[in-house]
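Asks: model this:
(chains A, B, C and D)
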Amino acid sequence: MIRVIVTEGAFDLGAEAARLEDGPETGAVVTFTGRVRDVADGLAQMVIEHYPGMTERALTQIAEQAATRWPLSGVTIIHRYGALVPGDRIMMVATASRHREAAFQAAEFLMDYLKSRAPFWKKEITATGADWVVARAEDDAARDRWSKPDAAQ
Amino acid sequence: MIRVIVTEGAFDLGAEAARLEDGPETGAVVTFTGRVRDVADGLAQMVIEHYPGMTERALTQIAEQAATRWPLSGVTIIHRYGALVPGDRIMMVATASRHREAAFQAAEFLMDYLKSRAPFWKKEITATGADWVVARAEDDAARDRWSKPDAAQ
Amino acid sequence: MKSFQVLYFAWLRERIGLGRETVETDATTIADLVAELRRREARYDLAFSDMASVRAALDQDLVDDLNTPLGDAREVAFFPPMTGG
Amino acid sequence: MKSFQVLYFAWLRERIGLGRETVETDATTIADLVAELRRREARYDLAFSDMASVRAALDQDLVDDLNTPLGDAREVAFFPPMTGG
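Replies: Predicted structure coming up:
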């Protein structure tokens, strides 16, 4: 039910969604895909570093938390590492449920947790240099909304 | 930027998402897919009736509203009609944006509006008879949350 | 007298027994048109007996209120609450 | 003295100049270990100069507080706030 993949290679969004839809009880599937955007001064590469071992462990824990919190029939998280170029897909999450609200909320939850709890670091390489991407305070705030007393269930 | 398709045929989720991702500015793509679930006493068919002309018009209006409300680089709505069987995909929406929050919220908005404002009616055919699906009050409530003063933007 | 294309969908179509007809009427609002149709025949009266479950569109735009004037519309549609998605 | 595998990622790895080393220490908390590393050499001192930008994991579990005891952990990792997704 939980599928976590950490890979240098590309992935097939359509095949992943179809895999998650399988079974008579799944009514709703939500997917999120993140891609490398170009930056103002021209992005040559985005290099993604990760912490082998901890990455798989953290992503699995985040998926398990979502599956505990919402009635899901499936959760998929795929995240790439290594050297990517603008337009490449970086990662995807997908959630399957009988109910659309659960599928949407669980997918947003996965993204918010993944952004600040999964050990990935992005470096942008342009013609003028290389810079580590700085974490956004909004990403911590987005994650913290799920632990408020009135957090959506 | 807006793509609305009303069809008897199947659609290709992966191809639709890839189409929406095109262009250097798209960072995030969210998709929702709805499928025919089986029901307790065995669903033979789900037959979907629609109002040709008004359907395309209503879906286009809903997509335009989403594009006004959030910074989207693309919106796709595909909805099937005719006779479907359990496991068939019924419909999909997809949204593309620089920002994941906008893509998620716009996709949820599309679903909430589509459920109660797009002229489709589902009929379930089982071994024991045929029944029109009854609209859920929750679907109206889900739609109305977008017109509250504190609605997410 | 004005002439309208009147369309019925889902169980309204099934109860009335047709999907589309031309109606000549002096009715000025959607609600007046419904009242006139109900007086015609029992199948119309039955189809429109629970107006809380009936929605309408004028020229393919959903109306929020059945007291909406027919105005210059050419097409009036009646149907149950929608169940797409 | 206990022995730990110490890992560094992203700009911490670049500033320190290595990704992994074995450290023998009497430090009892993560913060103690950081203090000891900073005393070693300027490159460690620089890498750990802004602790608000440093996160740590013990045996591949993120810790919320750098005063967490090292306990029986074998692997300690230091890295900047994460930027996946």
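Asks: How many residues are close by C:Trp11?
Replies: Residues lying near C:Trp11 (other C-beta atoms under 10 Å in any protein chain shown) number 16. Every residue, glycine included, has its C-beta placed from N, CA and C.
Asks: Just give the nearest non-adjacent residue to residue 26, would you?
Replies: Just so you know, I chose chain A. In space, and not counting its chain neighbours, A:Thr26 is closest to A:Ala96: 4.6 Å by C-beta to C-beta, 6 or more residues apart in numbering or on different chains.
Asks: The chain in question should be chain C.
Replies: Closest to C:Asp26 by C-beta to C-beta, 6+ apart is C:Met1, at 6.0 Å.
Asks: Which residue does chain C have closest to chain A?
Replies: Using C-beta to the nearest C-beta, C:Gly85 is the residue of chain C that sits closest to chain A, at 7.6 Å.
Asks: how deep is the residue in chain A that chain C sits nearest to tucked in, by neighbour count?
Replies: Residue nearest to chain C within chain A (C-beta to the nearest C-beta): A:Arg100, separated by 7.6 Å. Neighbourhood size, A:Arg100 [other C-beta under 10 Å]: 23.
Asks: so who does the closest residue to it other than its chain neighbours touch?
Replies: Excluding the flanking residues, the one nearest A:Arg100 by C-beta to C-beta, 6+ apart is A:Ala28, at 4.3 Å. Residues near A:Ala28 by C-beta atoms under 8 Å, 6 or more residues apart in numbering or on different chains: A:Ala96, A:Ser97, A:Arg98, A:His99, A:Arg100, A:Ala102, A:Ala103, B:Phe32, B:Thr33, B:Gly34, B:Arg35.
Asks: picking up where we left off before, quick check: bridge partners of the residue nearest to A:Thr26?
Replies: A:Val29, A:Gly74 (DSSP bridges).
Asks: Also C:Ala56?
Replies: C:Val63, C:Phe78.
Asks: ok, for the residue of chain C found nearest chain D, nearest residue in space, not its chain neighbours?
Replies: In chain C, no residue comes nearer to chain D than C:Gly85, which is 27.9 Å away by C-beta to the nearest C-beta. Closest residue in space to C:Gly85, ignoring its immediate chain neighbours: B:Lys115 at 4.2 Å, by C-beta to C-beta, 6+ apart.
Asks: Could you name the helices and strands sitting against the longest helix belonging to chain A?
Replies: Secondary structure of chain A per DSSP state H: the longest helix is helix A:100-117. Using 3 or more C-beta pairs under 8 Å, 6 or more residues apart in numbering or on different chains; DSSP states H and E, the elements in contact with helix A:100-117 are strand A:28-35, helix A:54-69, strand A:72-80, strand A:89-97, helix A:137-144, strand B:28-35, helix B:100-117.
Asks: Where among those is average confidence lowest?
Replies: Mean pLDDT values for those show the minimum at helix A:137-144, a mean of 85.
Asks: Tell me the residues of chain C that contact chain A?
Replies: Proximity of chain C to chain A (C-beta under 8 Å from any C-beta of the partner chain) is limited to residues C:Gly85.
Asks: so where do the strands sit in chain C?
Replies: Using DSSP state E, the strands found in chain C span residues C:2-8, C:20-25, C:55-58, C:61-63, C:75-79.
Asks: could those strands be laid out in JSON lines, adding distance to A:Asp12, mean neighbour count and mean pLDDT?
Replies: Shown next, in JSON lines, are those (distance: least, C-beta to C-beta, whole Å; neighbours: other C-beta atoms under 10 Å in any protein chain shown; pLDDT from 0 to 100):
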{"stretch": "strand C:2-8", "distance to A:Asp12": "43", "mean neighbour count": "17", "mean pLDDT": "97"}
{"stretch": "strand C:20-25", "distance to A:Asp12": "45", "mean neighbour count": "12", "mean pLDDT": "98"}
{"stretch": "strand C:55-58", "distance to A:Asp12": "41", "mean neighbour count": "21", "mean pLDDT": "98"}
{"stretch": "strand C:61-63", "distance to A:Asp12": "39", "mean neighbour count": "17", "mean pLDDT": "96"}
{"stretch": "strand C:75-79", "distance to A:Asp12": "40", "mean neighbour count": "22", "mean pLDDT": "98"}
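Asks: starting at the chain centroid, how far to stretch A:31-48?
Replies: Centre-to-centre, stretch A:31-48 and its host chain are 15 Å apart (C-alpha atoms, centre = their mean, to the nearest Å).
Asks: Return the residues in contact with the residue in chain A positioned nearest to chain D.
Replies: Minimum separation of chain A from chain D (C-beta to the nearest C-beta) falls at A:Phe120, amounting to 3.0 Å. Residues counted as contacts of A:Phe120 (C-beta under 8 Å, 6+ apart) are A:Ile48, A:Glu49, A:His50, A:Thr55, A:His79, A:Tyr81, D:Met82, D:Thr83, D:Gly84, D:Gly85.
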